[in-house]
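>>> The amino acid sequence is not available; the structure is as follows:
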């Protein structure tokens, strides 16, 4: 008897429906075809034990299972439940009239219990698109899949529940989540707050500008100056995620199995990979491509601490994603694209010893050593970072102050207001939402300068020998500073402040 059951394969952040055709006929043998990987080929042992332990069995007949489309590579153990239900139905051990109305996924343990799967959210979205009645999956992933409305989502703990649902009509509990209510409930502030930071007012101002315009920023300073402390607090002043951004972000994290019980992600991601990371782990890829750190930080912050310690090749692969805000992984048979619109926050010491050329420092480095250390980061990468700022150590008087600084809540209000101005400005553009995303053409439209401001920028360009990309970056930052002041036009003071934030472009920065 031939029976069809439906599962799904995830490529990139999109799902493709897989039709599992099970044919049980006279003869002997178990044949699984349709480009399965080793995890799927081994599934017959897990399925045999799970069925045996729940009062069923794999029939001693000729079983042919085809996973269609047959030229599409299938991977992972999430097809165990799909195959098992197909075998039971095709061998007439159960009656499952409505099996084809559901998409079924889950990894089986030997006792029949189910283990979580990856990619539940994109699979649920695809199931709704293709008109399936429901989606049956492990209970650990049920909140994640239930985000999708218009689809019945059933979380199960054991294969016995699924068998009884189809064969005996026993009800399964449907999980229903009010996505918007759940999302708004989780819009709380992160644990780190800017009120904990003593002094560093100019750096806080930089962080506010970076957050308001979505600009990349690099902090340069000696050990203990507060670079990491400031970077960790940046997500607390970013505007709350929209529902669309939350769904996009959850989708990526779902593909790598990082969502599970939490459902919809309401907090912007903050990723801080170690400097020993490989280029594949950073941008994504591998034999079976997976999102990298830059995609996992989509709509959030990617923090690279001690930037010169990262391998040069690893940093260079970020150039294109920083410009395009997506990364494309190409293989011989397929290509996948992951979104990667993130804010890059980097920190670094100015020299191997960690200190500026300061005679009072415990260990000093010569200007030549500092230059050699800084040259580990290429000019093209620095060009793509809008704001360069020096972080100096906080004096004792500031550290011992009892008074708390301005809180993240207050800063976030100003940032959100500035973002709202930008959202309105770019509402006619599909992929532009804030100033850092502006193209050269949009810069010419929205960053027009008065004659005095043009002259000021011209002088800075000539004196600092800035590139055309740095010119664009200065205009974008100046536009954000104007937005924070609710100014419709960019003025001279906005341009001069933006020029200040190009420390690494200045001649004689090393003293």
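In hand now; what should we look at? All values derive from a computational prediction rather than experimental measurement.
>>> hey, let's count contacts and neighbours off CA atoms from now on
OK.
>>> OK, contacts around the closest residue to residue 178 other than its chain neighbours?
Distances taken as Cα to Cα, 6 or more residues apart in numbering put residue 147 closest to residue 178, at 7.7 Å, once the chain neighbours are dropped. Residues in contact with residue 147 (Cα atoms under 8 Å, 6 or more residues apart in numbering) are 121, 177, 178, 179, 263, 264.
>>> Among the residues you listed, find me the one that's closest to residue 192.
Nearest to residue 192 among these: residue 264, at 21.4 Å, using Cα to Cα.
>>> Find me the pLDDT at the closest one, would you?
Looking at residue 264, its pLDDT is 82.
>>> Surely it is within a strand?
No. Counting by DSSP: H, G, I helix; E, B strand; the rest coil, residue 264 is not part of a strand but coil.
>>> That one reaches residue 247, doesn't it?
Yes. Under the criterion of Cα atoms under 8 Å, residue 264 makes contact with residue 247 at 6.8 Å.
>>> Between those two, which is the more surrounded one?
residue 264 (27 against 21; other Cα atoms under 10 Å).
>>> ok, now how distant is the more buried one from residue 15?
18 Å (Cα to Cα, to the nearest Å).
>>> What of residue 212?
34 Å.
>>> In the contacts of residue 147, find the pair that's most separated.
Distance extremes for those: the farthest pair is 121 and 178 at 15.3 Å, using Cα to Cα.
>>> Count the neighbours of residue 242 for me.
12.
>>> Could you look up the SS state of residue 32?
From three-state DSSP, the assignment for residue 32 is strand.
>>> measure it to residue 74 for me?
12 Å.
>>> And these two? Which one has more around it.
For residue 32 versus residue 74, the count of surrounding residues by other Cα under 10 Å is larger for residue 74: 25 against 18.
>>> And the pLDDT for the nearest residue to that one once chain neighbours are set aside?
Using Cα to Cα, 6+ apart and skipping the chain neighbours, the partner closest in space to residue 74 is residue 36 (4.9 Å). pLDDT recorded at residue 36 is 94.
>>> Residue numbering should commence at 6 henceforth.
Noted, 6 is the first residue going forward, which turns the last one into residue 41.
>>> and residue 41, backbone torsions?
Per-residue torsions, residue 41: phi -80, psi 150 (degrees, to the nearest 10).
>>> Surely it is in contact with residue 83?
No. Using Cα under 8 Å as the test, residue 41 is too far from residue 83 to be in contact (11.7 Å).
>>> The two: which has the busier surroundings?
residue 83 (28 against 20).
>>> what's the spacing between that one and residue 505?
54 Å.
>>> Ok, residue 280 next?
Taking Cα to Cα, one finds residue 280 at 29 Å from residue 505.
>>> any idea which helix or strand carries residue 158?
strand 157-161 (DSSP states H and E).
>>> domains of the chain?
7-182, 190-510 (automatic domain parsing).
>>> Which one of those has the poorest average confidence?
domain 190-510 (a mean of 86).
>>> How far does that one sit from its chain's centre?
With Cα atoms, centre = their mean, to the nearest Å as the basis, domain 190-510 stands 15 Å off its chain's centre.
>>> Please apply the same query to stretch 140-154.
Worked out by Cα atoms, centre = their mean, stretch 140-154 lies 20 Å from the chain centre.
>>> Buried residues, it. List them.
Residues of stretch 140-154 classed as buried by neighbour count (16 or more other Cα atoms under 10 Å): 140-153.
>>> What's the separation between the residue nearest the centre of the chain and residue 337?
Nearest to the mean C-alpha position of the chain, counting by Cα atoms, centre = their mean, stands residue 301 at 2.4 Å. Computed as Cα to Cα, the residue 301 to residue 337 distance reads 25 Å.
>>> tell me the SS of residue 21?
strand.
>>> Where do the strands of the stretch 306-455 of the chain begin and end?
All strands of the stretch 306-455 of the chain, identified by DSSP state E, counting those that start in this stretch, fall at 306-309, 331-335, 340-344, 348-353, 392-395.
>>> out of those, which comes closest to residue 6?
strand 340-344 (37.1 Å).
>>> Next, the angle strand 331-335 makes with the closest one.
Our comparison of strand 340-344 with strand 331-335, counting by axes from the mean of the first three to the mean of the last three Cα atoms, to 10 degrees, yields an angle of 160 degrees.
>>> Pull out the buried residues from the helix or strand following the strand holding residue 158.
Using DSSP H and E, the helix or strand that follows strand 157-161 in sequence is helix 164-172. Neighbour-count burial for helix 164-172, counted by 16+ other Cα under 10 Å, picks out 164, 165, 166, 167, 168, 169, 171, 172.
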